[in-house]
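S.K.: Below is the sequence, then the predicted model.
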Number of protein chains: 2
Amino acid sequence: MNVEIFSIGTELLLGDIVNTNAQFIALKLAELGLSSYHQTTVGDNPERLEQALRTSLKRSDIILCTGGLGPTSDDLTKEIVAKLAGLDLVLDQESLNRIESYFSFKQQAMPYNNQKQAMIPKGATVLENQRGTAPGIMVELEGKTIILMPGVPHEMKAMFVDQVIPYLENLSEDKIVSSHLYLYGIGESDMEMQIKDLMKASINPSIAPYASGGTLMLRVTAKAKTQDEAQALIDPVIENLSQIFKDYVYSIDQENMAHVLVNLLKQMKLTLALAESCTGGMIAEMITSIPGSSQIFSYGVTSYSNEAKQKLLNVKEETLKQYGAVSTQVVKEMASGVRTLSDADIAISVSGIAGPGGGTSDKPVGLVYLCVTTHDKTLTKKLLLGRGRPNERDSIRHQTSLIALKTVIDLVKDL
Amino acid sequence: MNVEIFSIGTELLLGDIVNTNAQFIALKLAELGLSSYHQTTVGDNPERLEQALRTSLKRSDIILCTGGLGPTSDDLTKEIVAKLAGLDLVLDQESLNRIESYFSFKQQAMPYNNQKQAMIPKGATVLENQRGTAPGIMVELEGKTIILMPGVPHEMKAMFVDQVIPYLENLSEDKIVSSHLYLYGIGESDMEMQIKDLMKASINPSIAPYASGGTLMLRVTAKAKTQDEAQALIDPVIENLSQIFKDYVYSIDQENMAHVLVNLLKQMKLTLALAESCTGGMIAEMITSIPGSSQIFSYGVTSYSNEAKQKLLNVKEETLKQYGAVSTQVVKEMASGVRTLSDADIAISVSGIAGPGGGTSDKPVGLVYLCVTTHDKTLTKKLLLGRGRPNERDSIRHQTSLIALKTVIDLVKDL
């Protein structure tokens, strides 16, 4: 059985957005052990959409469509699929109620054309949309299955994980279980060199490396008759890999490093304060994106000028004059400043040159100083994150934030 | 004439990488005014690759392939295309020389299997690879053109921009120009209701709506003999749409709202300070993601507890007791607090319930108070951003941040 990923949207053909939906679904299918041989992208054009769907129906058993379920006249995925399946579109009252309640929550009247989203091919299975208005739809056709999901990524992801994955799991007799080991601070090729033979030798469970946003992931996937049997195959492999990469591992099955840190601090009943310069609030944003982070985080300061560093964090004018804002001495004073102010157990501070401007020969773009301090420990790091490439600002800020979080995770684990 | 984007690589089918190549090429094709109706992705499987190419040859005039030109045995794009075109693969000495010099430059011996990359379908046009070893190839076949490029993004981009775009430009007589109008605060359906007839009536220039991340975009695209003629067709339409949606428009051709605000404040020589609670640094992060934001932003405070609001912003204990942290009174004191502290021209403050926890019947998840204050104006807003759905935290924080930025943009424009 093979699954085709079918993306619908003129914005994809025009290059207005990257097709992250296809990658998300492809990754999940790989984890489920389902074969996927084709990805198709077409626009909101009825003839070409129908023709492409006919082509896909010839070669694939399940077609996972995203997009074209919106309220506007150019959204016509449902209409084409209903036509292919020879089904009428009928009003689904439950879906209409959900759409109306969506708008009443926003204290808005439902625009008339949103009614269109409640029209469902007669007899089709409706997939509830927890995040938006367009319901998903599952249609059987010529012994094949077409599954329609919204194109808005967070709506699609929720629907796919909660409703489509369980359906797909039931199609395969074997249970496939994956565990993910998340690493930070080692390069992909270095990592692969160390376990090349192990990866080659590992069939079930298999070991697959994957790099994303500066972190590395090792996916360990096992196939067995039951979940427990599969898990039993995985556990020793994860254990072994955790040993091999113990300096780099920050979590099992939780990619979000801020999430890992917040949970760790909660468990240990520790609080965190932040003094950010070049990251400009990014670390605070990452921490507070985690529900319940208020238990461990109260004080964050973005001091984006020397004056702000003095006023908000009591950094000494002499220190700024003598060493400059981007220096070990200043991040030390920033960290102790915010820790004193907040009375937090742990304080992080960063100051650096994110670029593109502001770099000099002895303080280049990408130079960042980082300090983590507790009541009895103070640790500073000098980072060189510039590669001399254009548009590094985001990656320098992002890498700095991840290194700061990883530093605290390591420090807290040693307490 | 239409162009198909054809991506080859099993790593795409496994979801190990996002297909940024397809988006890059699609965007360039749109800028060139070339129609692109299909994007296809297949793996390194000879039968399926050949079959998919045959399908594409039926419906497309030019097929832009990326991937499968590597030195290893599973890279077989060239072999399949040669087979389809009935051409032998012959050694191209120039390409071999370039590959050898690539390795000698890196002071490495050329691995034997890289010779394979110098094999070219007899009579095909070779595209030089300035960044790597795999040459690109252009093959004429059944009156159609297949163009093969490497899958490594920076190699492909250089080859596409330097060698493929000039080829494509010669195929189109007309010049295509687009302008983008960015709106916030109006729903996609409402927006379309207002200009449905206008959109229908607009052929050249055409008007296309597009929603992304809470903001709306209207793309106006004109085709003419020259760039200037096309621009002259666009300008009055943009002018008209700006009037129709004047309460919602925040920029022309700049999607990033923080970018718009930073530039606006720079022009007007105004400074901004931030006091964030529920957004937890997100607004500061958005502002500081813009290069040069330090000219207009120095002071950001994330006060994530009552104590922090008192200590950092001098919010009165009585105010917190009497009205609660999520109230008009508290955001007013937060804003004036950070403005006093920073001496900035404009201060933004937000306090709300991002959820999932912390909501009550009279203060539900999604209730956010926002305050913007200057030396002589103070403006507060009460927002209800909850939809009663799971995992709204991110969207509540994101919408709050955008509304805050838009509020300041509107206020500054009236100064």
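M.R.: All right, it came through fine. Residues are numbered from 1 along each chain as shown, chains lettered A, B, ... in the order given.
S.K.: which strands and helices sit next to the lengthiest helix in chain A?
M.R.: The longest helix of chain A (DSSP state H) is helix A:393-414. Counting contacts by 3 or more Cβ pairs under 8 Å, 6 or more residues apart in numbering or on different chains; DSSP states H and E, helix A:393-414 packs against strand A:175-184, helix A:257-267, helix A:282-288, strand A:346-352, strand A:367-373, strand A:378-384. C-betas here are computed from N, CA, C, even on glycine.
S.K.: Mind putting these into a markdown table with mean neighbour count, mean pLDDT and distance to residue B:359?
M.R.: What follows is the helices and strands packed on helix A:393-414, written out as a markdown table (neighbours: other Cβ atoms under 10 Å in any protein chain shown; pLDDT from 0 to 100; distance: least, Cβ to Cβ, whole Å):
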| stretch | mean neighbour count | mean pLDDT | distance to residue B:359 |
| --- | --- | --- | --- |
| strand A:175-184 | 20 | 91 | 31 |
| helix A:257-267 | 19 | 98 | 20 |
| helix A:282-288 | 29 | 98 | 17 |
| strand A:346-352 | 28 | 98 | 29 |
| strand A:367-373 | 24 | 98 | 34 |
| strand A:378-384 | 15 | 97 | 39 |
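S.K.: Can you check which of those gets nearest to chain B?
M.R.: Nearest of the helices and strands packed on helix A:393-414 to chain B, taken as Cβ to the nearest Cβ: helix A:282-288 at 2.6 Å.
S.K.: What's the first helix or strand after that closest one?
M.R.: Going down the chain from helix A:282-288, the next helix or strand is strand A:297-303, by DSSP states H and E.
S.K.: Now do that next one, average pLDDT.
M.R.: The average of the pLDDT scores along strand A:297-303 is 96.
S.K.: how about JSON lines for the helices and strands packed on helix A:393-414, with distance to residue A:148 added?
M.R.: As requested, the helices and strands packed on helix A:393-414 are arranged in JSON lines below (distance: least, Cβ to Cβ, whole Å):
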{"stretch": "strand A:175-184", "distance to residue A:148": "25"}
{"stretch": "helix A:257-267", "distance to residue A:148": "31"}
{"stretch": "helix A:282-288", "distance to residue A:148": "34"}
{"stretch": "strand A:346-352", "distance to residue A:148": "45"}
{"stretch": "strand A:367-373", "distance to residue A:148": "46"}
{"stretch": "strand A:378-384", "distance to residue A:148": "46"}
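S.K.: So which of these is nearest residue B:304?
M.R.: Closest approach to residue B:304 among the helices and strands packed on helix A:393-414 (Cβ to Cβ): helix A:282-288, 6.5 Å.
S.K.: Pull the residues that contact the closest one.
M.R.: A:257-258, A:261-262, A:272, A:274, A:276, A:293-294, A:296-297, A:300, A:302, A:348, A:350, A:397-398, A:400-401, A:404-405, B:279-282, B:284-285, B:288, B:302, B:304, B:397 (Cβ atoms under 8 Å, 6 or more residues apart in numbering or on different chains).
S.K.: hmm, try it at 7 Å
M.R.: Residues from elsewhere that reach helix A:282-288 (Cβ atoms under 7 Å, 6 or more residues apart in numbering or on different chains): A:258, A:262, A:274, A:276, A:293, A:297, A:300, A:348, A:397, A:401, A:404, B:280-282, B:285, B:302, B:304.
S.K.: Also stretch A:21-30?
M.R.: Outside stretch A:21-30, the residues within contact range by Cβ under 7 Å, 6+ apart are A:3, A:5, A:7, A:36, A:39, A:64, A:66, A:151, A:153, A:156-157, A:160, A:165, B:13-15, B:18-19.
S.K.: Mind checking what secondary structure the closest residue to residue A:44 other than its chain neighbours has?
M.R.: Among residues not flanking residue A:44 along the chain, residue A:74 sits closest, at 4.5 Å (Cβ to Cβ, 6 or more residues apart in numbering or on different chains). Three-state assignment for residue A:74 (DSSP: H, G, I helix; E, B strand; the rest coil): coil.
S.K.: and the residue sitting furthest away from the middle of chain A, what element?
M.R.: In chain A, the residue that sits farthest from the middle, by Cα atoms, centre = their mean, is residue A:318; the gap is 42.5 Å. Here residue A:318, judged by DSSP H and E, is contained in helix A:317-323.
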